[in-house]
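1. need coordinates for the below:
(one chain, ligands or ions: 3)
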Amino acid sequence: MDFTSLTVDTPASAWTGRNDGDGPAHRRWWQAVATPPSGTSDAAASPSSAAPAALLGFRSDEGVRRNAGRVGAAAAPAAIRAALGSLAFHGSRAVTDVGDVVVAGDALEEGQARAGRALTAMLDAGQLTFVLGGGHETAFASYLGVAGTAAVANGARLGVLNLDAHFDLRDAPAPTSGTPFLQMARAEAAAGRELNYAVVGISEPNNTRVLFDTAHELDVKYLLDEDCSAERTAAFVSSFLETVDIVYLTIDLDVLPASVAPGVSAPAAYGVPLPVIAAVCRQVAASGKLFHFDVAELNPEFDIDNRTAKVAARLIDTLLR
Ligand SMILES: N=CN[C@@H](CCC(=O)O)C(=O)O
Ligand SMILES: [Mn+2]
Ligand SMILES: [Mn+2]
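-> Numbering: from 1, shown residues only. Ligands and ions are numbered 1, 2, ... in the order given. Prediction:
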């Protein structure tokens, strides 16, 4: 597709990383990712049966600020790109970085709409899209992109799978990082559909009764963090996948234990082990139903030795195999 027709605020700049040489045997992410208009990738030239992928950064922490959280997630897209850059690239699909949508000041809703339009254009052109957030207000930008596609208009059954310690179903006066899935439920109802929403990793003490009540009213499927054994999680995800044609997967990094993901606004005391979260990513990718995904809530200011950024990069690498 012609990526130069997309409206973003900051075009992608060339990626960097360790250089062991040219060609597929030495290829790392920084060498595989194309950055239009000038940058081309050697991987993009290789024939592949897998759908091409395109990534968009969403530089926002306005939703976190409105939700009284620790701001800093606007710097996350750059930190994730840096962590991904030096990972070895074992995939075969073309990957394009189209740059960032930047939320200026409090203009969150406008930024979400702008990101949504760029995503819809890429999805309709056959790209597997992913967004590097941003606070979890990123999820509503992702939803706008997915909900605007021809696939959804033509009746594809959409499922939203959130890996998160929180429901993010808050009823608030304005959109925040804590509201995106209630916004989705309302938007789906307005479109004459019902939101099919499932969450893996809910922390009971970190979600009030009203959030559980809302989840029950909306028939949200969820698995508590303490119930996330490998077997139960795989069975939960498998049942969910049976009910959908296309999946929007959203990873809020605070689903992981704080020792694994310290660089988030709300670190988890308990958390779901990384091997379980990685297995969910493999399972969703293997289903052939993955349509779009995002990674949210990284806050580089609170990260330790880029631990959280590296975990985000690892999960993205897993999803794109
Ligand atoms: N995206 C953030 N969600 C959580 C944050 C909770 C917290 O800061 O403790 C929420 O709003 O519930
Ligand atoms: Mn969240
Ligand atoms: Mn969360």
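2. settle this for me: F293 is touching I246, isn't it.
-> No - F293 is not in contact with I246 according to C-beta atoms under 8 Å; the separation is 11.4 Å. Every residue, glycine included, has its C-beta placed from N, CA and C.
3. these two: which has the busier surroundings?
-> Set F293 next to I246 and count neighbours by other C-beta atoms under 10 Å: F293 wins out with 25 against 18.
4. report how many residues lie close to E204.
-> E204 has 11 nearby residues by other C-beta under 10 Å.
5. what residues are up against it?
-> Remark: with contacts taken as C-beta atoms under 8 Å, 6 or more residues apart in numbering, E204 is in contact with 224-226.
6. report pLDDT for S49.
-> Looking at S49, its pLDDT stands at 74.
7. just give the nearest non-adjacent residue to it, would you?
-> S92 (7.8 Å; C-beta to C-beta, 6 or more residues apart in numbering).
8. can you give me phi and psi for that neighbour?
-> phi -120, psi -10 (degrees, to the nearest 10).
9. over to the residue of the stretch 101-250 of the chain found nearest ligand 1. Which of the three states is it?
-> For the stretch 101-250 of the chain, the residue closest to ligand 1 is G178, as judged by C-beta to the nearest ligand atom, at 2.7 Å. Counting by DSSP: H, G, I helix; E, B strand; the rest coil, the backbone at G178 sits in coil.
10. and the helices in this structure?
-> 29-32, 42-45, 62-66, 76-85, 108-124, 138-147, 150-153, 180-190, 209-217, 230-242, 274-286, 307-319 (DSSP state H).
11. show me what contacts the residue in the stretch 51-200 of the chain that ligand 3 sits nearest to?
-> For the stretch 51-200 of the chain, the residue closest to ligand 3 is H166, as judged by C-beta to the ion, at 3.8 Å. Contacts for H166 (C-beta under 8 Å, 6+ apart) come out as 136, 178, 202-203, 206-207, 211, 252, 254, 266.
12. wait, the residue nearest to S49 sits on S48?
-> Yes - at 4.1 Å, S92 counts as touching S48 under the criterion of C-beta under 8 Å.
13. in strands, which of the contacts of E204 fall?
-> Per DSSP state E, strands hold the following members of these: L224.
14. which one of the contacts of E204 sits in the busiest neighbourhood?
-> Counting neighbours by other C-beta under 10 Å, D225 comes out on top of the contacts of E204 with 23 neighbours.
15. quote the end-to-end distance of stretch 249-263.
-> By C-alpha to C-alpha, to the nearest Å, the extent of stretch 249-263 from end to end equals 21 Å.
16. buried stuff in that stretch?
-> 249-258, 260-263 (16 or more other C-beta atoms under 10 Å).
17. how about the residues you listed in JSON lines, adding distance to L128 and pLDDT?
-> Listed next are the buried residues of stretch 249-263 as JSON lines, based on distance: C-beta to C-beta, whole Å; pLDDT from 0 to 100:
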{"residue": "L249", "distance to L128": "11", "pLDDT": "99"}
{"residue": "T250", "distance to L128": "15", "pLDDT": "99"}
{"residue": "I251", "distance to L128": "15", "pLDDT": "99"}
{"residue": "D252", "distance to L128": "20", "pLDDT": "98"}
{"residue": "L253", "distance to L128": "21", "pLDDT": "98"}
{"residue": "D254", "distance to L128": "25", "pLDDT": "98"}
{"residue": "V255", "distance to L128": "22", "pLDDT": "98"}
{"residue": "L256", "distance to L128": "23", "pLDDT": "98"}
{"residue": "P257", "distance to L128": "29", "pLDDT": "98"}
{"residue": "A258", "distance to L128": "31", "pLDDT": "98"}
{"residue": "V260", "distance to L128": "26", "pLDDT": "98"}
{"residue": "A261", "distance to L128": "24", "pLDDT": "98"}
{"residue": "P262", "distance to L128": "29", "pLDDT": "98"}
{"residue": "G263", "distance to L128": "26", "pLDDT": "98"}
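18. wait, which of those is closest to ligand 2?
-> Distance to ligand 2 across those (C-beta to the ion) is lowest for D252, with 3.5 Å.
19. grab the nearest non-local neighbour of that closest one.
-> With C-beta to C-beta, 6+ apart as the criterion, D252 has its nearest non-adjacent residue at 3.9 Å, and that residue is D164.
20. do you know how far the one you found is from I202?
-> Here D164 is placed at a distance of 7 Å from I202 (C-beta to C-beta, to the nearest Å).
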